[in-house]
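Q: Model the following, please.
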Amino acid sequence: MLAVGLLVPNWPVLSFLLGVVLALVYVRLGRRLRGRNARVWWAAGLVAAAALYVVFALARGDVAGAALEMIGVTLVGVAVRMGLRGDLRWLAAGWLLHPLWDLGVHPPLEAPPLYVWLCLSFDAVVGIALYLQAVRN
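A: Just a heads-up that it's a prediction; the model follows:
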């Protein structure tokens, strides 16, 4: 019985790890860019991460949920605007706060469960990388 349990993949853990790997690739690609192009890269990714939840809500036919998610996109927009204008820590904060929005606002099964784990780890890794980059500069 134990051997069978070892063969069954732990999908949340694998999804979380995939998010870490994808984030490391995303960060590596972003670090190849300089100046405004780099900021646009980080900002566009953050807006896309927030906007996906609007898509999930609309796909469920949940107009009220989509409206709530648009509030999240608007909040992300503030971090994006400030990050594009100056301090990279605003973009880092947006990436780091996005998982808290995910955990605090989304009831279970609102987004595909494996996506949630991937998103949490991806956002956290990108946010930490951006914060460390901002502190070094």
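
Q: Show me the shaky parts of this structure.
A: 1-9, 106-111 (pLDDT under 70).

Q: now do 50
A: Counting by pLDDT under 50, the chain has low-confidence residues at 1-5.

Q: contacting residues for the most centrally placed residue in the chain?
A: Against the mean C-alpha coordinate of the chain, by Cα atoms, centre = their mean, the closest residue is Asp123 at 3.5 Å. The contact partners of Asp123, taken as Cβ atoms under 8 Å, 6 or more residues apart in numbering, are 23, 49, 95-96, 98-99, 102. Bear in mind the C-beta positions are built from the backbone N, C-alpha and C, glycine included.

Q: In TSV, list those residues along with secondary structure and neighbour count.
A: Formatted as TSV, the contacts of Asp123 follow (DSSP: H, G, I helix; E, B strand; the rest coil; neighbours: other Cβ atoms under 10 Å):
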residue	secondary structure	neighbour count
Ala23	helix	22
Ala49	helix	22
Trp95	helix	27
Leu96	helix	18
His98	helix	25
Pro99	helix	18
Asp102	helix	20
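
Q: Return the member of those nearest to Arg85.
A: Using Cβ to Cβ, Trp95 comes nearest to Arg85 of these, at 16.9 Å.

Q: my guess is Cys122 contacts Val21, does it?
A: I think there's a mix-up here, since residue 122 is Phe and not Cys. No - in this structure, Phe122 is not within contact of Val21 by Cβ atoms under 8 Å, at 9.2 Å.

Q: more crowded one of the two?
A: Comparing Phe122 with Val21 by neighbour count (other Cβ atoms under 10 Å), the higher total belongs to Phe122, at 26 against 13.
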